[in-house]
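> could you work out the structure for the sequence below:
(one chain, ligands or ions: 2)
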Amino acid sequence: MSKNRIFSGVQPTGNLHLGNYLGAIRNWVRLQADFECIYCVVDLHAITMQQDPEDLRRSTREVAACLLAAGIDAKDSILFNQSQVHYHAELAWIFNCIARIGWLNRMTQFKEKAGKNRENATVGLYVYPNLMAADILAYKATHVPVGDDQKQHLELTRDIAQSFNSAYGVDFFPLTEPLILGAATRVMSLRDGSKKMSKSDPSDYSRINLTDPADEIAKKIRKARTDPEPLPDSVDGLKDRPEAENLMGIFAALADIDVDDVVNRFAGAPFSKFKEDLSALSIDVLSPITAEMRRLMDDPGYVDGVLREGAEKASEIAEPIVKEAQDLIGFLRP
Ligand code: AMP
Ligand code: TRP
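Ligands and ions are numbered 1, 2, ... in the order given. Reported below is the predicted structural model:
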């Protein structure tokens, strides 16, 4: 079986936010020290919901710029956009013929995104997880760093790999493991501690965008929903206080310490004091990334070049793997 290899993806739709950063991107940066890493801006996934062409182009560059600004090193790691490497779509078709309708029917992300009018959802949205499995398995990736919400898709990826292997009597695709790392694997909305922080939330006050200037970050944290009690003096005291738990989790993740330590530091303090410190910390961590991202966005030629070179390197890895899968299936090829 192949050696350890990391693959992960992020959609170029709307604003990247603090949840993406703490749940995914920051871990991607750190994993570069120990693994071969392949990171992908998944534009094929983005069009499962209708996208304006100009917005899609801009978002693709923006997400790539953000990843570079956060510390993805395009010399050591591979960074590219999915549509430039045709093997993803080819392998996804093969997986459409492996995955079962019953498996896809269980996917909670589809149910959430399709909403009530399921008949009107695109077929692409339905088979989205098969394409995600293709992203990962086209490189025989062994580990996939993601936020908590992607666990179910990773289980499906393993089911597809196993089913392909057993259909063709081979030990070809690895059983990929999710890597769900850090103190903030599920960052919640600043307006409602029971909802995930999300790109698609209509309220911009629900999230901290990685493009927000410092004064905007401070304002959003000041306005973040809280309860009237002072902060607890033990982690148990966070039970049934989702907003306090979320904000303290964010603090812990940004400061790279345990939630225990945050609780000890702010035991009995009013939210106002805690929010001031959280705001200063957030600005400290995020503003260098935002500044570098702006600089890169002024140089789209550079970003496009990184993606093009990344796509070439990615293709070299995927090509022999997808071709071998095609041989196993029995496709004739030149
Ligand atoms: P997406 O924005 O859906 O393309 O997600 C990109 C990455 O960010 C995935 O690994 C997600 O699991 C992660 N992610 C998205 N939202 C959150 C959140 N609120 N908390 C933690 N991780 C998240
Ligand atoms: N589905 C992921 C998300 O919404 C994005 C994604 C697409 C992905 N392909 C992937 C993540 C492969 C990890 C590996 O966040």
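
> let's verify the residue in the chain that ligand 2 sits nearest to: helix, strand, or coil?
Closest approach between the chain and ligand 2, counting by Cβ to the nearest ligand atom: Gly9, at 3.1 Å. For every residue, glycine as well, the C-beta is placed using N, CA and C. In terms of secondary structure, Gly9 is strand; the call rests on DSSP: H, G, I helix; E, B strand; the rest coil.

> hmm, Val42 and it touching each other?
Yes. Counting by Cβ atoms under 8 Å, Gly9 sits close enough to Val42 to count as a contact (4.2 Å).

> list residues touching both of these two?
Here Gly9 and Val42 share the contacting residues 82, 132, 135, scored by Cβ atoms under 8 Å, 6 or more residues apart in numbering.

> tell me the contacts of the first one?
Contacts here follow Cβ under 8 Å, 6+ apart; on that basis Gln82 touches 9, 40-45, 88, 135.

> among these, which are in strands?
9, 40-41 (DSSP state E).

> JSON lines for these, including neighbour count and pLDDT?
Conversion of the ones in strands among the contacts of Gln82 to JSON lines gives the following (neighbours: other Cβ atoms under 10 Å; pLDDT from 0 to 100):
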{"residue": "Gly9", "neighbour count": "23", "pLDDT": "97"}
{"residue": "Cys40", "neighbour count": "27", "pLDDT": "98"}
{"residue": "Val41", "neighbour count": "26", "pLDDT": "98"}
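
> all helices of the stretch 51-200 of the chain, in order?
53-70, 87-96, 101-105, 108-114, 123-126, 128-137, 151-167 (DSSP state H, counting those that start in this stretch).

> neighbouring contacts of the first one?
For helix 53-70, the external contacting residues (Cβ under 8 Å, 6+ apart) are 10-14, 16, 21, 25-26, 28-29, 39, 41, 43, 46-47, 74, 79, 81, 210-211, 289-290, 292-293, 296-297, 300, 303-304, 306-307.

> likewise the fifth one?
For helix 123-126, the external contacting residues (Cβ under 8 Å, 6+ apart) are 47-49, 104, 110, 113-114.

> taking the residues you listed, tell me the two that lie furthest apart.
When Cβ to Cβ is used, the two most widely separated members of the contacts of helix 123-126 are Ile47 and Leu104, lying 18.1 Å apart.

> residue of the stretch 101-250 of the chain closest to ligand 1, please.
Relative to ligand 1, the nearest point of the stretch 101-250 of the chain is Gly147 (2.5 Å; Cβ to the nearest ligand atom).

> check that residue and give its pLDDT.
For Gly147, the pLDDT comes out at 87.

> give me the number of residues near it?
Per other Cβ atoms under 10 Å, the neighbour tally for Gly147 reads 22.

> please begin residue numbering at 40 from this point
Taking 40 as the first residue, the last one we looked at is Gly186.
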